[in-house]
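Peer 1: sequence first, predicted model second:
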Amino acid sequence: MDRKVRVRFAPSPTGPLHMGGVRTALFNYLFARKHGGDFLLRIEDTDQNRFVPGAEEYIIESLKWCGLIPNEGLGFGGELGPYRQSERKPIYRKYADSLITNGSAYYAFDTAENLDEIRKEAEAKKEVFSYDLHTRNGLKNSLTLSAAEVTTRLQSGESYVIRFKMPENRDIVEEDLIRGRVSFNTNQLDDKVLFKSDGMPTYHLANVVDDYLMQITHVIRGEEWLPSMPLHILLYEALGISEFRPRFSHLPLILKPEGKGKLSKRDGDKMGFPVFPLLWKDPETGEFSRGYREDGYFPEAFINMLALLGWNSGTEQEFFSIDELIERFDLSRVVKSGARFDPEKAKWFNRHYLQQKSEAELAQLFLPILNEKGIHSDLQRIERIIGMIKERCEFVKDIWTQSHFFFQAPESYDDKTVKSKWKPDTSEKLQAVSELLETIADWKAEVIKESFSAFMTEKEWGFGAVMVPIRLALVGGSSGPDLFEICELIGKEKTIGRIRMACERISLN
């Protein structure tokens, strides 16, 4: 039966959204758009002990910043909600009871202390305890207790969990859309907890029930969920809804820059890059974690970079608009092995998207930085300055680094340049240049250059002996855009003033 493609991004609100989670959302979004389907946001908060205040809002804001807008879900409306699992508690009870009724699940009354003791005994024998088909018949559950005793325990309010009864020696084979054929034998799998006596399901039951009720056709998630796939397949079977089972795809990990192990916040802290889309403040510790948005990345650069972590188009193309990604995206081109994250490549992507923006766009993005510094300047002038320096920039904040001297006189001078280029007669020569500049009426870059060149030829001075010190006087260092363009843009009075100020300050040193 052909069904409309429906996928979901289902994070847990246990903290900030990792960039790996954003990539999962992205691949779901691209797949849905490619096939004319729906992209849902569902919050999986069955583990209330790990709930972190502000995490839900952070997830929604992150998706909005990235442009990955769900068709339906928490904060976006929809007819198949609620889209927060903690609000769906009554739904899960019915499905848990049906599994008990048909013998696919059982009540287990073992306490945490009982199980800890059994684990310790196993460890002493250098064994690993697992609650499974090999051990369940020796434990306190409805498989070993009489029906009357089970009823008594339930009626007395004794704490319990409902566990899935894993069948014996069955091979569960599935064609993963990324990994191909994967196989599991049930003898190697444990009897997972599906439901707790507090009325909350675990991830496994809630996940399957919600995917069924929300008509999910494809599950695209991280590879850490691959071991859960056989249980989920068996749950669809046990609930009698196998015909509605989605196709599974498990994405590769995003690896550390050195290529070994999963990328973590600690890696970002150590190497100086963010691993979260937005700035995050931990509500308990007050600790801040950097975000791509606040670090100055464009959302389109962040998304383009993420798309190529584990997927390739089969071409040499590296820059993709979101529409191009939708058109080209195919799960068959997602790799099975981990994808190494390169923080320098992330900057490279951002630089590309900055270069593609017009001077007018960048000026609007740069204005808040100037306003923060109390600097007010003509917009046309700002655009011209940006046009001169933007090729040197990776981020909008770099515009200030590369152009500050257009707005403020240098407060210091580069020591290395002073030592190598400021000679005993430099001040005298620059004073003569400043006198020449006083005579120029039409203060335009080409006129200044022409007058200066004629003056230098007449004096028979080497251009390098004067040009670098002038630049040092105007910008504080030895690099920057065209010197005469700088002169024009900072104006005649400030140009001459800076040259004379440098002669005084550097001579004093």
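Peer 2: Good, I have the coordinates. The shown structure was predicted, so the numbers you read here are calculated from the model rather than taken from an experiment. Residues are numbered from 1 along each chain as shown.
Peer 1: and for this structure, the residue most distant from the center?
Peer 2: residue 458 (60.0 Å; C-alpha atoms, centre = their mean).
Peer 1: now do the buried residues in the helix or strand it falls within.
Peer 2: Using DSSP states H and E, residue 458 maps to helix 445-459. Applying a neighbour-count criterion of 16 or more other C-beta atoms under 10 Å, one finds 448, 449, 451, 452, 455, 456 buried in helix 445-459. C-beta: built from backbone N, CA, C; applies to glycine.
Peer 1: which is the next helix or strand following that helix?
Peer 2: helix 463-475.
Peer 1: give me the mean pLDDT for that following helix.
Peer 2: For helix 463-475, mean pLDDT rounds to 94.
Peer 1: report the buried residues of it.
Peer 2: 466, 467, 468, 469, 470, 471, 472, 473, 474, 475.
Peer 1: does anything pack onto the helix or strand following that helix? Which helices or strands?
Peer 2: Next along the chain after helix 463-475, taking DSSP H and E as the criterion, comes helix 483-490. Judged by 3 or more C-beta pairs under 8 Å, 6 or more residues apart in numbering; DSSP states H and E, the packing partners of helix 483-490 are helix 379-389, helix 396-407, helix 445-459, helix 463-475, helix 492-508.
Peer 1: and residue 219, what helix or strand is that in?
Peer 2: strand 218-222.
Peer 1: can you tell me the strand partners of that strand and which way each runs?
Peer 2: strand 247-251 (parallel) (DSSP bridges).
Peer 1: tell me which residues of the strand it pairs with are tucked away?
Peer 2: 248, 249, 250, 251.
Peer 1: ok, residues contacting that strand?
Peer 2: With contact meaning C-beta atoms under 8 Å, 6 or more residues apart in numbering, strand 247-251 is reached by 23-24, 27, 174, 176-179, 217-223, 225-226, 229, 232, 310, 331, 334.
Peer 1: same check on stretch 336-346?
Peer 2: Contacts of stretch 336-346 (C-beta under 8 Å, 6+ apart): 178-179, 252-259, 262-263, 271-273, 297, 301-302, 305, 309-310.
Peer 1: how about the CA coordinates for it, as CSV?
Peer 2: Extracted in CSV, the C-alpha atoms of stretch 336-346 (Å, rounded to 0.1, in the frame of the first residue of the first chain):
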residue,chain,number,x,y,z
LYS,A,336,27.6,3.8,6.6
SER,A,337,30.9,4.9,8.3
GLY,A,338,31.3,7.8,10.6
ALA,A,339,31.8,11.3,9.2
ARG,A,340,34.7,13.3,10.5
PHE,A,341,33.9,16.9,11.4
ASP,A,342,36.4,19.6,10.3
PRO,A,343,36.0,22.9,12.1
GLU,A,344,38.1,24.7,9.5
LYS,A,345,35.8,23.4,6.8
ALA,A,346,32.9,24.9,8.7
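Peer 1: show the average pLDDT along that stretch.
Peer 2: Here the average pLDDT along stretch 336-346 is 96.
Peer 1: and that stretch, how far out from the chain middle?
Peer 2: On the basis of C-alpha atoms, centre = their mean, to the nearest Å, stretch 336-346 sits 12 Å off its chain's mean C-alpha point.
Peer 1: what segments of this protein are strands?
Peer 2: Applying DSSP state E to the chain gives strands spanning 6-9, 38-41, 72-73, 105-108, 161-164, 171-176, 180-185, 193-196, 218-222, 247-251, 254-255, 280-281, 288-289, 339-340.
Peer 1: I'd like to know which of those strands lies nearest to residue 53.
Peer 2: Closest approach to residue 53 among the strands of the chain is made by strand 280-281 (10.8 Å; C-beta to C-beta).
Peer 1: partner strands of the closest one, parallel or antiparallel?
Peer 2: strand 288-289 (antiparallel).
Peer 1: what is the distance between the partner strand and the centre of its chain?
Peer 2: Worked out by C-alpha atoms, centre = their mean, strand 288-289 lies 14 Å from the chain centre.
Peer 1: ok, stretch 350-357 next?
Peer 2: 19 Å.
Peer 1: what do you get for stretch 78-90?
Peer 2: For stretch 78-90, the distance to the chain centre is 27 Å (C-alpha atoms, centre = their mean).
Peer 1: end to end, how far does that stretch reach?
Peer 2: 19 Å (C-alpha to C-alpha, to the nearest Å).
Peer 1: any idea of the mean pLDDT in that stretch?
Peer 2: On average, stretch 78-90 scores 95.
Peer 1: okay, domains of this protein per the record?
Peer 2: 1-74+252-356, 90-196, 357-407, 415-508 (automatic domain parsing).
Peer 1: let me have the ones you listed in CSV, extended by distance to residue 204.
Peer 2: Formatted as CSV, the domains of the chain follow (distance: least, C-beta to C-beta, whole Å):
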stretch, distance to residue 204
domain 1-74+252-356, 9
domain 90-196, 5
domain 357-407, 43
domain 415-508, 59
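Peer 1: pick the most buried one from these.
Peer 2: domain 1-74+252-356 (a mean of 18; mean count of other C-beta atoms under 10 Å).
Peer 1: now, the most widely separated pair of the buried residues of strand 247-251?
Peer 2: 248 and 251 (10.9 Å).
Peer 1: and residue 244, which of the helices and strands packed on helix 483-490 is closest to it?
Peer 2: helix 396-407 (48.0 Å).
Peer 1: and the angle for the closest one with helix 463-475?
Peer 2: Helix 396-407 and helix 463-475 meet at an angle of 100 degrees, taking axes from the mean of the first three to the mean of the last three C-alpha atoms, to 10 degrees as the criterion.
Peer 1: so how far is the strand holding residue 219 off the chain centroid?
Peer 2: 18 Å.
Peer 1: which residues of the stretch 251-400 of the chain fall in helices?
Peer 2: 265-271, 299-307, 322-328, 343-356, 359-372, 379-389, 396-407 (DSSP state H, counting those that start in this stretch).
Peer 1: okay if I get those as TSV plus distance to residue 284?
Peer 2: Listed next are those as TSV, based on distance: least, C-beta to C-beta, whole Å:
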stretch	distance to residue 284
helix 265-271	15
helix 299-307	27
helix 322-328	36
helix 343-356	28
helix 359-372	31
helix 379-389	42
helix 396-407	30
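Peer 1: residue 239 is nearest to which of the ones you listed?
Peer 2: Using C-beta to C-beta, the helices of the stretch 251-400 of the chain put helix 322-328 closest to residue 239, at 33.6 Å.
Peer 1: quick one: contacts of the closest one?
Peer 2: Under C-beta under 8 Å, 6+ apart, the answer for helix 322-328 is 30, 33, 34, 67, 300, 303, 304, 307, 313, 320.
Peer 1: go again using 10 Å as the cut-off
Peer 2: Contacting residues not belonging to helix 322-328 are listed as 26-27, 29-35, 66-68, 299-300, 303-304, 306-308, 311-315, 317, 320-321 [C-beta atoms under 10 Å, 6 or more residues apart in numbering].
Peer 1: please put the alpha-carbon coordinates of that helix into PDB.
Peer 2: Output in PDB follows, covering the C-alpha atoms of helix 322-328 (Å, rounded to 0.1, in the frame of the first residue of the first chain):
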ATOM      1  CA  ILE A 322      18.400  24.100   0.500                       C
ATOM      2  CA  ASP A 323      16.400  23.700  -2.700                       C
ATOM      3  CA  GLU A 324      19.400  22.000  -4.400                       C
ATOM      4  CA  LEU A 325      19.800  19.700  -1.400                       C
ATOM      5  CA  ILE A 326      16.100  18.700  -1.500                       C
ATOM      6  CA  GLU A 327      16.500  17.900  -5.200                       C
ATOM      7  CA  ARG A 328      19.700  15.900  -4.900                       C
END
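Peer 1: let me see the mean pLDDT of that helix.
Peer 2: Computed over helix 322-328, the mean pLDDT rounds to 98.
Peer 1: re the thing from before, quick one, which of the strands of the chain is nearest to residue 145?
Peer 2: strand 105-108 (8.4 Å).
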